[in-house]
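Undergrad: Sequence below, structure please.
(2 chains)
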Protein chains: 2
Amino acid sequence: MSFPVIGVIGGGQLARMMAPAAEALGVGFHVLAESADSSAAQVAGRVTVGDHTDLAALEAFAAEVDVITFDHEHVPPEHLRALQAAGHAVHPGPDALIHAQDKIVMRRRMDTLGLPNPRWAEITSPADLDRFGAEVGFPVVLKTPRGGYDGHGVRVVSSGAEAEEWLAAHPALLAEEKVDFSRELAVMVARSPMGQTAVWPVVATYQQDGVCKEAVAPAPGLDPELARRITADVLTVAGALGVTGVMAMEMFETPDGYRVNELAMRPHNTGHWTQDGSVTSQFEQHLRAVLDLPLGDPSARTAATAMVNVLGADQEDLYRAYFHVLAHDPQAKVHMYGKSVRPGRKLGHVNVSGDNADSVLARARHAADFIAGTDTNPHPDREDTA
Amino acid sequence: MSFPVIGVIGGGQLARMMAPAAEALGVGFHVLAESADSSAAQVAGRVTVGDHTDLAALEAFAAEVDVITFDHEHVPPEHLRALQAAGHAVHPGPDALIHAQDKIVMRRRMDTLGLPNPRWAEITSPADLDRFGAEVGFPVVLKTPRGGYDGHGVRVVSSGAEAEEWLAAHPALLAEEKVDFSRELAVMVARSPMGQTAVWPVVATYQQDGVCKEAVAPAPGLDPELARRITADVLTVAGALGVTGVMAMEMFETPDGYRVNELAMRPHNTGHWTQDGSVTSQFEQHLRAVLDLPLGDPSARTAATAMVNVLGADQEDLYRAYFHVLAHDPQAKVHMYGKSVRPGRKLGHVNVSGDNADSVLARARHAADFIAGTDTNPHPDREDTA
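TA: This is a model prediction of the structure:
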């Protein structure tokens, strides 16, 4: 037995942030990236540029690594089955991953498991949508079952006719009631092939234009009974689906508890706080899980950690902002992705840990927004200088 | 202004562990490595294989990066001066670095600054050494002024005649009294070109066969007055020498305080605990300092952190030990260097943070020694099973 090589399909920021964990564990790290200048390709020890939908490219990549995992969920399930059939270790495997790839499959499985879904329906015609809307009340949320992310593939619609365009391209759509929620929550679990699991504290998240903007860990003021229920439920899901690696369950908090929103089977934006706020980061844990190594302690290091994304705006020169941000808050932990600036694009994030959730959130917000250029007041504590 | 590229000369584990900090800050990271499979070359986004004593190789490397820093202190000072003269940013610069390269220059400067040196003499003949031995008492410690590390270039001698062999190869040697010390201490400081400084807590260290084996932060039971004096002194040294980047000052603790042992102007083994035990790791801080960015908070995250090196022994299969070590202590943070096993070689280290110095040291020792194969008892708390 010697140090194995992990192969990550996809060169985005999630693969990029796995690299330090591989370095520390001393395992090899090889990325199959979309391009030589992708986020992860800039920092990985070994990079192959190739197309994750090309089976030949995947097979050649698989031959070079000991275990395959993912930066994203866009590899066709049939390709993953072919790799497994050829004897390659694929984590998570296609039978688990399909629940993060196909939202209708996921909804059906959540029902089977007794997890709290919003009311939903599979829609194959405008009439289906009209019936569902009449039942739960318009407007409803319409989703393409596959390929959506960060608000793409999601619409709020008020009539069956609004489904026509998508139905021309998709055999079926997912319609969901618009959940009346107080806030969004997320929880991350790691599960190894041997079946060991570890759950991080439940976090509160905030989305902006369909993109994750903030997370606070643990979720401030969360009812301990609800936290226990969510923890038990995410363990049920991870076990029943045979998840390997880390999984995020995004939720809506409701007056009677919560509803499942989405699953992601990879490190997730709502888990970035763990890099600095937990004994074991989601990236290290993911690698430990896919290697079937014993998992690390998912405990929080401090009473509160906030993560705020740097979302692209007008400001092109992000580095210059460091001279303010790092001086203003010597405890702020900046994580940038090596990406060019585009409006709304996730360019990085900032973590701040401390004793008080409001305080760490305000500090992380200031740092992230100042780097992005959307907060131009260098003295956030002094409103009069704004 | 855009994200700069850091160039590190030397492909050892110190450069390797800078890579995650560069990834997080979003700055470029380019290593000039001895070989394509060196410790840092395995994980760096960009690697050039070249000889750090070859000026042409250094010049070509310098042209590709925005700032030059080091994994080791073996680049000839005249080459660094040539790079500076050509307009390249070199941190630390040769005028500072010489104090970590030449132990006689360092001793002279410590005297000038009023730092507590052991008694010492520059030796150019056996008679010089006999005179020094008569003055301070044999045995004395004899050192080659340049090129020593990890116990190499150090001898304990009892007569002038024992200097003859080295004197044939070195124009001068450094003789030092053998300090009667209770334990060894070390302190790390970061200083940026703009002059900002940050000091981590003083640590206690333990050497084994001339190699750093353990460090505990902060040094248990250290007299607060002595800690303050050491902190003030290391700031004096960093400022007077114009250090840029991080510097380690190794010391002997004595009944009346301490004596300076050595200086190192780069991340240092006695600072590895900061990766998990401090808000800002020495590797991140070093990059921030050489980029002249504001420095991060050097505070400890917990009451105690222990670092224990994995020193090579007979065991070849280090990875297999993970299945015990990571299960036994889910809080242990393992850092491996991607090196082949050789007896006594530094192959990695383990950090453990917690409330109690004795406990974290015992845990880190068990993990590191079990990986190395020198501790074969999987139940360290139960002596009866050994």
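
Undergrad: partner residues bridging the closest residue to chain B within the stretch 101-250 of chain A?
TA: Closest residue of the stretch 101-250 of chain A to chain B, C-beta to the nearest C-beta: A:Ala198 (8.1 Å). Heads up, the C-betas are built off the backbone N, CA and C, glycines and all. Beta-bridge pairing for A:Ala198 (DSSP bridges): A:Ala190.

Undergrad: contacting residues around it?
TA: Listed by C-beta atoms under 8 Å, 6 or more residues apart in numbering or on different chains, the contact partners of A:Ala198 are A:Val189, A:Ala190, A:Thr280, A:Gln285, A:Leu295, A:Gly296, A:Asp297, A:Pro298.

Undergrad: neighbours around the second one, how many?
TA: If I follow you right, that is A:Ala190. Applying other C-beta atoms under 10 Å in any protein chain shown, we find 29 residues neighbouring A:Ala190.

Undergrad: That one: what's it in contact with?
TA: If you count contacts by C-beta under 8 Å, 6+ apart, then A:Ala190 has A:197-199, A:245-247, A:282, A:285-286, A:288-289, A:295, A:298 around it.

Undergrad: circling back: which members of the contacts of A:Ala198 are classed as buried?
TA: For these, a burial check counting by 16 or more other C-beta atoms under 10 Å in any protein chain shown picks out A:Val189, A:Ala190, A:Thr280, A:Gln285, A:Leu295, A:Gly296, A:Pro298.

Undergrad: Those in helices, which ones?
TA: Of the positions in the buried ones among the contacts of A:Ala198, A:Gln285 sit in helices, assigned by DSSP state H.

Undergrad: Out of the contacts of A:Ala198, name the two that are farthest from one another.
TA: Using C-beta to C-beta, the contacts of A:Ala198 span at most 14.1 Å, a distance reached by A:Val189 and A:Asp297.

Undergrad: what about the stretch 151-300 of chain A, any weak spots by pLDDT?
TA: Within the stretch 151-300 of chain A, the stretches with pLDDT under 70 are A:151.

Undergrad: so the residue of the stretch 251-386 of chain A found nearest chain B bridges to which residues?
TA: Going by C-beta to the nearest C-beta, chain B is nearest to A:Met336 of the stretch 251-386 of chain A, at 2.8 Å. Taking DSSP bridges as the rule, A:Met336 bridges to A:Gly348.

Undergrad: Can you give me every residue that contacts it?
TA: A:Val310, A:Leu318, A:Leu347, A:Gly348, B:Phe3, B:Ala24, B:Leu25, B:Gly26.

Undergrad: With just CA atoms, put the longest helix along chain A into CSV.
TA: Criterion DSSP H: the longest helix present in chain A is helix A:224-241. The C-alpha trace of helix A:224-241 is given here as CSV (Å, rounded to 0.1, in the frame of the first residue of the first chain):
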residue,chain,number,x,y,z
PRO,A,224,-31.8,22.4,18.9
GLU,A,225,-34.6,19.9,18.2
LEU,A,226,-34.7,20.9,14.6
ALA,A,227,-30.9,20.7,14.3
ARG,A,228,-31.0,17.2,15.7
ARG,A,229,-33.8,16.2,13.2
ILE,A,230,-31.9,17.6,10.3
THR,A,231,-28.7,15.8,11.4
ALA,A,232,-30.5,12.5,11.7
ASP,A,233,-32.3,13.1,8.3
VAL,A,234,-29.1,13.9,6.4
LEU,A,235,-27.5,10.7,7.8
THR,A,236,-30.5,8.8,6.6
VAL,A,237,-30.1,10.3,3.1
ALA,A,238,-26.4,9.7,3.0
GLY,A,239,-26.8,6.1,4.1
ALA,A,240,-29.8,5.2,1.9
LEU,A,241,-28.3,6.7,-1.2
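
Undergrad: For it, enumerate the helices and strands it packs against.
TA: helix A:94-101, helix A:103-113, strand A:183-191, strand A:197-199, strand A:245-254, strand A:257-264 (3 or more C-beta pairs under 8 Å, 6 or more residues apart in numbering or on different chains; DSSP states H and E).

Undergrad: Report the closest residue of the stretch 1-150 of chain A relative to chain B.
TA: Counting by C-beta to the nearest C-beta, the stretch 1-150 of chain A gets nearest chain B through A:Gly26, at 2.8 Å.

Undergrad: Around chain B, pick out the residues from the stretch 1-150 of chain A.
TA: Counting by C-beta under 8 Å from any C-beta of the partner chain, the stretch 1-150 of chain A comes close to chain B at A:1-4, A:16-17, A:19-20, A:22-29, A:41-45.

Undergrad: residue nearest the centroid of chain A?
TA: The centroid of chain A falls nearest to A:His268 when counting by C-alpha atoms, centre = their mean (2.5 Å).

Undergrad: That one contacts A:Gln285, correct?
TA: No - taking contacts as C-beta atoms under 8 Å, A:His268 lies outside contact range of A:Gln285: 11.8 Å.

Undergrad: Name the residues contacting each of the two.
TA: A:Val246.
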